[in-house]
Structure formats: C-alpha cells, structure tokens
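Participant: what shape does this take:
(chains A, B and C)
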Amino acid sequence: MTGLKLIGRKFSRDKLAFTGSLIILSLVLTAALAGLLAPYPEDVFSIHPGERLQPPSSNHLFGTDSMGRDIFSRLLFGARITLIISIIAVGASMLIGVPLGLLAGYYENWVSEAIMRIADVFLSIPQIILAIFLAQSLGPSIHSVILALSVTYWPWFTRIVFAETRALKKTSFIEATEALGAGRLRTMLLHVLPNVSSPIIVRSSIGMGFTILTAAALGFLGAGAQPPTPEWGVTIAESRQFLPDAWWYATFPGLAIFLVVMGFNMLGDGLRDILDPRIRRGLE
Amino acid sequence: MHKNNLIFVAKRVLYAVPAIAGLLILAFVISRIIPADPAALVAGEMASPQQVEEVRHQHGFDRPLYTQILLYFSQLLRGDLGKSLYTGRSVFSDLVDRFPATLELTLVSMALSIAVGIPLGIAAALKRNSILDHLLRGFTVAGLAIASFWLGLMLQLFFGMWLGIAPLGQRIGVSPPASVTGLYLVDAALTLNGEAFLSALKHITLPAVTLSFSSFATITRFTRSGVLDVIQEDFVLYERAMGLPPRLVIFKYLLRNALISTVTQIGLLFGLLLAGTVVIETVFDWPGLGLYAYNAIILSDYQAILGVTLWAGVIYVTVNLLVDVVLGLMDPRKTEL
Amino acid sequence: MDRSPDTLLLNIERLSVHFHTDRGLVRALDHADLRIHRGEVLGLIGESGSGKSTLARSVLRILPLSARIAEGDLSLSGEDLLAMKESDLNARVRGRGITLIPQDPFTSLNPVFTIGTQMEDIVKWKGSAGIGHGPPGEKVIEILERVQIPSPRDQVGKYPHQLSGGQRQRVLIAMALLPGPDLVIADEPTTALDVTVEAQILQLMKSLVLGKGISVLFITHDLGVASQICHRIVVMYAGQDMEEAPADVLFSQPRHPYTRELLESLPNPEGTIRDIPGEIPNLIQPPPGCRFHPRCARSTALCTQALPEKKAMAQGHWVRCLYPLES
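Facilitator: Modelled structure (predicted):
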C-alpha cells in the first residue's frame, strides 16, 4: 500500500496538517474529558452571585462571569457543545450532499438538473441568514442550529462531488467500469466515490471551521443555543454589557473559537496539499 | 462579439429568474410548512390564542396549500411582506429604510478588502515563498479563523473603550447630511458637509475594518492562487521564452487572467459580507438590515426575519448575476455559444 | 551545408541539468553535446523523458526554479549564454536571436487576448526584422499571409480558442519568425496536430526556413516527421545524446543500438510495431555509464563504467557507444 505510506510520510512532514491535527486532537480530548479537566464542573449549571465578574486568578484561570461561574470550566464544556454541533452538522451535510452530488454527476438528465438547481437555491442565501431563518422557524435551540447548519451546508459537498464525478465521466474510467458489467450503484460506490474522497475530506475539515464560526455567531445573536448553555457564542454575547471592565469575559471564548477554527483550517489546508496532485513541477 | 455579449447577458438574466423563484418557494416551505404553527410564529410570543386565530385567518394559514402559495406569490409581487412586530410598520418599508446603511457598510468594506487584498495577493504570488508571502499566508489563515463579532468586540474594546479614539457605535455623531442616496459619506461629500463627512468616516471605520477582515483574507488568498495558477500556465512560459519584458507579462497578460479569477470571488465575497453585516451591525449598533434582523430575533418578529431573508437572497442573486455578466465581458471564452 | 567553425551558431558542450524534487535529484541531462550551424535544421529525437525539452529550455534559460545547470558550456555565436545577465538574455537572445515554437498551440496563446494583440506585442517589443516595413498591424497581416492563413484581416481580431489547431500553429510559427531570429526552437510543432494538417505545417516550415539562413532545432519523437525536414539528427536517450548523423545516413546506417531499435519500432509495411524491450530508466538513480545499457543486447560491464566518448564513424557521423553496430 505504497499510496497510504506516501500519504502518511507526507502527513508527518507537512507542518500545517500536523499542527492542525494536534490542535484538533487536543480539542477532542478536552471535550471528552471536560468533566475531569474542569476545576468547577458544576458551574455549567450552578451560580455563585457572590463571585461574579472576578478577573483571572489562580482560582479562576479565565475569571468568572456575571453569575460568578468559572469561565474556564464553562469554556471546556463549551468545547463539547461546539464539537457536537459541528460534527453532526458537517456529517449530516456530507450524508445529504455527497450522494446527491454522485447522482447529479453520474446521470445527465432532469434529475441531475433538478438537484443542482435546488443546490443553487440553497446557496443563493448567505448561510447564516438562512440558518437564522430556519432556527427561528423551529424555535431557537441547539437542535435547530444543528438542523439549520446541516441543511445549509450540504450544497458545498454536492457541488464538489458533482464536479469531480463529471470530470471522471469525461475520462473513459466510468465507461470502462460499466463495460465490464458493473452496475450503476456499484460503480458509484466502489469506483467513483474513492476517487472523489480527497476533495470531500478537505472540504469537511474546512467545513468544520466554517460551521463552528457560524454556530458561534448564531449563539451570539441569540438565534441558536440559549443561556445558560455554556456555548462560546452565547458567552460572548453575555459579556457585552460588562465591557470594558470584565475584558476576560469576552476575550477567552473568542480565543478558543480562534484556536479551534485555526486547527481545522490548518488541517484542511495541509490535507489539500498532501492529497491533491502536485502542480507541474517542471519535469519534462 | 457584440451580439454574443447581448445573448450571453440575456441568457444569464433569464437564468436568475428560476433561482429567485426557487428561493421564494424555499422561503415558503420554511415559513409555512416546517413550523408547527405558522400563525403563532407570525403573531408573536405575546399574542393571545385569540390573536393567533385572527392572524391565522387574516394571513390565510387556514386555507389549502395551493391557495396559500398563490396568495404568497401575489403578496410578494405587490411588495407586501407583512408587518413588523417591532416597528409596527410594513416590513417592506422597514427594509427600504434600513438598506442604505447596510449598503454603505458593505461597499466600504468591499472597497477596503479589494484595495488591500488584491495588490497584496499579487505581490505574494510574485514573490512566492518570500518573507512577505509567508507573513501574508499566516495572516490570512488567522483572518479566516477569527469570529468577526469577536474581532469587532475586541476592536471596540481596544480602540473605543481603552484608547477612546473610536466611536462605540452608530453611524454618525452629528446630524446626518441631507439625504440624496442614503449613503452618509456620499451625501456629505455631495452636499459639501465636512463635519458630517468626518463624523461618518470615523463611525464607519471600525465596523468596516472588522467586516472586511475576513473577506480581505479570502481575496488575498484567491488572488494569490489565481496569479500562481496563471504563472504555471503555458502561455506565460511562452511569453517568457519569447523574452517579452517582465513588466509587460505581469501587468498586461498575467493581471488580466488573474483578475478574472478574483472577480469570480467577488460574488462569493459579497455573500460573505452580507452575512457578516448581521453580527457586525449588532456589535456596532449600526442601524442597517443586520441590526434589524438581530432585533427581530430578540423579539421573535417573524415577518421581519422572513423579509430580511428574502431581501438578502434577492440581492445576493442579483449581485452574482452582475458578477457573471462582468466576467463574461472580461473572458471571451465565456460568451462562446 | 557549410559546417565550418565560423558558421557555428549554437554550441552546447557537456551540458548537465539537475532538478531538485521531493523524491530526489533528477539528473535530466547528462553531459549532452550539440552543435547547430547557420542555416541548418537539426532534429532532436527522443522518447519522452529523453531530455529534449529540458535541453530546449536550457538554451533559453527558462528552466523552472527547481532546476540547476550543473555543468557545461552553452554559447550562441560565440557568446556565453550561461554567463550572460538576465536582462541581456531577455533583450537580445529570447525572442530575438532565438525564438520558440512551443509544443501545445492551444495552451501557449493567452486565451483572453486576441491573436492580433499578441502578435503586435511581439512586433513592438521584439522587433520585426523578419518582415518588411510598416505599422505593427500591417506587419502582422503580412506575416500571417506568409504562413498561409486565409483572410488574415478577419483573423487578427479572433481569440485563440476560435481558431483551429492548424491555424494556431501557423500563428505561432509566424510569431517565431517575426523578430528575424538566427535560431528557431521548434518543440514538437506537429505533435498536437492531425496527420493531414501535420503534412501542411511541415511543408510550410520547410518553405519558410530552408535556404533563408535560419537555423532550426527541431524537437520531435517522430522519426518520420524528422526525416522530412531535418538536415541532421541527434538521437537522445534518458538525458544523454547517443548518436548524431545526417538524416539520410541515420536512417540507412544507424550505428547506435538504440537508434536501430527506434527505427525498428516504426510501423513497417505489414503494420506491426515492435516495442523496445525494457523501460525508460529512473532519472533519480540512472544506470551508471551509458544509460541505455540495461536494455541493450550488446552491452557489457564496460558500458557501466562511464559515459562513452563520442566516436567518429564517418564524416559528420558520431556515436556514443563502445560497441557500435556494423555499417
């Protein structure tokens, strides 16, 4: 399996992908072990009015919020929420978008036209606005955020898979497979899909980044997760009225978002460098 | 070429019609079919069961679906987007009122991103792997990872609250200039109102910088890779082989090809900016559509949200249409029938 | 053909070019020798990977950044091209002394500018010593007529994708001749064309070049094409030059085993094609000595020692081989 070996070697040499995946690994661990890592795990729910708005100290690494809750602990649990939202949203978009893209790319009839037109319609409204609209229609909550994000992100996957499938169709690859007797479904799953997997993987990683930012924005606007959920966007929204004095309240959740999105973007970029064929390096 | 161009434009315009129709249908599905009780949504949280019933009857939610669709489209064509719970006025007039503020912010941000992003992108591509290139790449990667609302807050905190050199919000600190276009900067310039111009400029700075930050990152990246792609092209190699002066190759040939890829991004960019205005206007108390949407969320003003969504969609489709047309005129391959 | 030292135009001696890649150092050219005299058409024959394009690009010094000219001499009319400053190269050599007819006529023309614009830019910046007097627009029309493009005035406003392959190639030939070069490098000029168009283009090139004092480095993998236009032919394999001879002599009396294999792999009257046994060598770890030795029936251990020196077989006929074929 020299292909995989080469990818593996490239991966460890590519600083971008490597650092990115380190960050994400830490995120996943943090989210999973939030209960153990948080100094005040009960602060997800309990309030301590006597300790409100305290600056960072040895007791409270990132200070306390308006209800006296330890921000650091809440951020750790917020990581969990962030991860869950984005993984499900991106995963669902992939499950919807990839098959649709395969179908649309493979066939060349009204079905593929219809699919792509519908995808276009979903792409004609900026994602966050559509997400707000959907979330409001369902009632703001984490669930409506997840649904809204899945429903608005799938067209990206469809487009990529569509383009790659069509490109593949232009080569004789698919013809040859079918000539050998492989059925349509088989061809799509076993032959086309592996070939389009690289762009899908890259797009997922970048999609995680976008989704996290959008989810946080929805939380900030109050269109998604609601207080007292320790979601990062919600926390930043809460902090607004206490600025400039309680600067820590707004700063740290934002840094957390930044770090995580950076991680996914770096991973996505690194993967793209590794998985995409090298641009002609002038070897004639 | 002329006839080709006209046909191309006509085709493109026609293509936009089903896109908008699809958009409207999608909005219909989301607002009428998905919610448990559309009437309750429209009536608002404060409404009594009686009021909800009234709304249901008034808006025709109790009628069969096909009647509802017809009603829906006829309302939209008349410009009737319902009434806002927040302002009490028609949503349509609210949108018209508040659009100029958002437009001004978006235009200034776009101008900023382009003015900074394109030259930097070109420079980075030409001096590939130099310090400038690496710095820029790092900067843009970071730029795409920062939550814009958080950046806005941080800038507000730093420049507005700590340093006190920037206003904390609003569009202007003095009375607004006489209205010609609704864009304060333009109006102030046209009416030679120096005081208003300066104030408007001061107020738009932070929100525009924040808004343009992530789109600047996108433009720089795409311009850079657009130029790099072009550099790899055979025709550039040929132009080099034939000893054409580097300045000619860069500024005449390369630029045109690379710009085409950048213009392609402007449509996407506009969408990003439009999306960004929702949070930025909220942070900076900017009286545009974004803030309107935010208030609508807080108050569960459903008609307003529907109105903003439709408006945003139509604008986005229109802008993309314009971009496609411009692209078609720039790249002769596109207008080939 | 006067091949005395004072008509020597291009002199390449022991040229070695290396590429630095992820997978290692690619030794694309290994001590290659080449000489072109004024007015002669030299064919450069080889399979892909033989180093012909690398050689061409080295002459114009437009190698990619990953390439290094490891050693060798390169001179044009006595002037050292390797020592020349970039600005000089650009001003006097590229597109002036030496012009290029590139391999792919479609991708070599800028798609968003008309051919008229691109040709006028050549006239404006590289001169038009190859054509008479007049404003740039007129010169363009004239040269288009010379390359037999019908109704040139209608064509100048067209974009590359609106022309046929053959027409694009004619445009590129025109652009190569406009500056009145001493040497034209034609990199596989007919490979991308249909067979019928190929014949026309070759005919055109012959009429434009032969007897006009213009030298041509004609790069191709097609021996048949080379036989029609070249005075002399150099055969390359895996970055090494193997044999050099006048065209007719090369075909009738090849002395290098590789040349003979090449000739035998041409479709014969029965229509069968014989493959040369073996594979093109890996240029990162090339076979030592003569790079053809692993596929050569005549090779011995001696062949791995070093690159064989050039041996004269007859007047103007050289071979790099320790065991050349009998005549």
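
Participant: CA only for contacts and neighbour counts going forward, please
Facilitator: Fine.

Participant: any weak-confidence spans in the chain?
Facilitator: Went with chain A since none was named. Chain A contains residues with pLDDT under 70 at A:1-14, A:182, A:187, A:276-284.

Participant: I was after chain C.
Facilitator: For chain C, the ranges with pLDDT under 70 are C:1-2, C:267-277, C:327.

Participant: number of nearby residues for the residue in it positioned nearest to chain A?
Facilitator: Residue nearest to chain A within chain C: residue C:64 (5.7 Å; C-alpha to the nearest C-alpha). Neighbourhood size, residue C:64 [other C-alpha atoms under 10 Å in any protein chain shown]: 16.

Participant: so who does residue 126 touch?
Facilitator: As the question left the chain open, I've gone with chain A. B:271-272, B:274-275, B:312-313, B:316 (C-alpha atoms under 8 Å, 6 or more residues apart in numbering or on different chains).

Participant: actually chain B
Facilitator: When contacts are counted by C-alpha under 8 Å, 6+ apart, residue B:126 is found next to B:227-228.

Participant: repeat for residue B:333
Facilitator: Contact analysis of residue B:333 by C-alpha under 8 Å, 6+ apart lists C:111-112, C:161.

Participant: how close does it sit to residue B:211?
Facilitator: Noted for residue B:333: a distance of 34 Å to residue B:211, by C-alpha to C-alpha, to the nearest Å.

Participant: now the closest residue to chain B within chain A. Nearest residue, chain neighbours left out?
Facilitator: Closest residue of chain A to chain B, C-alpha to the nearest C-alpha: residue A:125 (4.5 Å). Spatial nearest neighbour of residue A:125, excluding adjacent residues (C-alpha to C-alpha, 6 or more residues apart in numbering or on different chains): residue B:313 at 4.5 Å.

Participant: how far away is the residue of chain A closest to chain B from residue B:271?
Facilitator: Separation of residue A:125 from residue B:271 (C-alpha to C-alpha) stands at 8 Å.

Participant: assign a three-state SS to the residue lying closest to residue A:142 once chain neighbours are set aside, would you?
Facilitator: Leaving aside its chain neighbours, residue A:142 sits nearest to residue A:225 (4.7 Å; criterion: C-alpha to C-alpha, 6+ apart). Under DSSP: H, G, I helix; E, B strand; the rest coil, the three-state class of residue A:225 is coil.

Participant: residue A:235 is in contact with residue A:225, correct?
Facilitator: No - contact criterion C-alpha atoms under 8 Å: residue A:225 and residue A:235 do not qualify, at 10.3 Å.

Participant: so which of the two has more stuff around it?
Facilitator: Applying other C-alpha under 10 Å to residue A:225 and residue A:235 shows that residue A:235 carries more neighbours, namely 28 against 25.

Participant: and the residue nearest to residue A:125, what element?
Facilitator: helix B:302-330 (DSSP states H and E).

Participant: with residue C:33 instead?
Facilitator: Secondary structure assigned from DSSP H and E places residue C:33 in strand C:24-37.

Participant: tell me the strands beside that strand, with direction?
Facilitator: strand C:8-21 (antiparallel) (DSSP bridges).

Participant: list of residues touching the partner strand?
Facilitator: Outside strand C:8-21, the residues touching it (C-alpha under 8 Å, 6+ apart) are A:281, A:283, C:25-38, C:54, C:66-78.

Participant: swap the cut-off to 7 Å and go again
Facilitator: C:25-38, C:66-77 (C-alpha atoms under 7 Å, 6 or more residues apart in numbering or on different chains).

Participant: contacts for the biggest helix by length in chain C, please.
Facilitator: If you go by DSSP state H, chain C has its longest helix at helix C:195-209. Among residues not part of helix C:195-209, those counted as contacts by C-alpha under 7 Å, 6+ apart are C:147, C:166, C:190, C:229.

Participant: tell me what angle the following helix or strand past it forms with strand C:24-37.
Facilitator: Moving toward the C-terminus from helix C:195-209, the next helix or strand (DSSP H and E) is strand C:215-220. Between the axes of strand C:215-220 and strand C:24-37, defined by axes from the mean of the first three to the mean of the last three C-alpha atoms, to 10 degrees, the angle is 140 degrees.

Participant: could you pull out the strands in chain C for me?
Facilitator: C:8-21, C:24-37, C:41-45, C:67-76, C:79-80, C:98-101, C:183-187, C:215-220, C:232-237, C:240-246, C:311-314, C:317-319 (DSSP state E).

Participant: buried residues in the second one?
Facilitator: Buried residues in strand C:24-37, defined by neighbour count with 16 or more other C-alpha atoms under 10 Å in any protein chain shown: C:26-37.

Participant: chain A contacts on chain B?
Facilitator: Residues of chain B found near chain A (C-alpha under 7 Å from any C-alpha of the partner chain) are B:19, B:22-23, B:30-31, B:35, B:142, B:145-147, B:150, B:157, B:161, B:271-272, B:275, B:294, B:297-298, B:305-306, B:309, B:312-313, B:316-317.

Participant: before we move on, back to that, distance to residue B:103 for the strands of chain C - can I get that in TSV?
Facilitator: Below are these laid out as TSV (distance: least, C-alpha to C-alpha, whole Å):
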stretch	distance to residue B:103
strand C:8-21	50
strand C:24-37	54
strand C:41-45	63
strand C:67-76	51
strand C:79-80	62
strand C:98-101	51
strand C:183-187	54
strand C:215-220	59
strand C:232-237	65
strand C:240-246	65
strand C:311-314	79
strand C:317-319	75
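
Participant: so which of those strands comes closest to residue B:48?
Facilitator: strand C:8-21 (74.1 Å; C-alpha to C-alpha).

Participant: how about that closest one: buried residues?
Facilitator: C:8-20.

Participant: ok, back up a step: phi first, then psi, for the residue of chain A closest to chain B.
Facilitator: Phi and psi for residue A:125, reported as degrees, to the nearest 10, are phi -120, psi 130.

Participant: would you check that it makes contact with residue B:314?
Facilitator: No - counting by C-alpha atoms under 7 Å, residue A:125 stays clear of residue B:314, with 8.1 Å between them.

Participant: now do residue C:290 against residue C:73, distance only.
Facilitator: With C-alpha to C-alpha as the criterion, residue C:290 and residue C:73 are 21 Å apart.

Participant: of the two, which one has the most company?
Facilitator: In this view residue C:290 and residue C:73 are compared by other C-alpha under 10 Å, and residue C:290 has more residues nearby, 25 against 18.

Participant: so which elements touch the helix holding residue B:313?
Facilitator: helix A:127-138, helix B:2-28, helix B:38-43, helix B:255-284, helix B:289-298 (3 or more C-alpha pairs under 7 Å, 6 or more residues apart in numbering or on different chains; DSSP states H and E).

Participant: what's the spacing between the second one and its chain's center?
Facilitator: Centroid separation for helix B:2-28 versus its chain: 19 Å, with C-alpha atoms, centre = their mean, to the nearest Å.

Participant: write out the residues of the stretch 201-337 of chain B neighbouring chain C.
Facilitator: Close to chain C, as judged by C-alpha under 7 Å from any C-alpha, the stretch 201-337 of chain B has residues B:234-235, B:238, B:241-244, B:331-332.

Participant: any of the residues you listed buried? List them.
Facilitator: B:234-235, B:238, B:241-244, B:331-332.

Participant: okay, those in a markdown table with pLDDT and distance to residue C:123 next?
Facilitator: Formatted as a markdown table, those follow (pLDDT from 0 to 100; distance: C-alpha to C-alpha, whole Å):
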| residue | pLDDT | distance to residue C:123 |
| --- | --- | --- |
| B:234 | 82 | 21 |
| B:235 | 84 | 17 |
| B:238 | 89 | 15 |
| B:241 | 89 | 15 |
| B:242 | 88 | 11 |
| B:243 | 86 | 12 |
| B:244 | 87 | 11 |
| B:331 | 76 | 24 |
| B:332 | 74 | 24 |
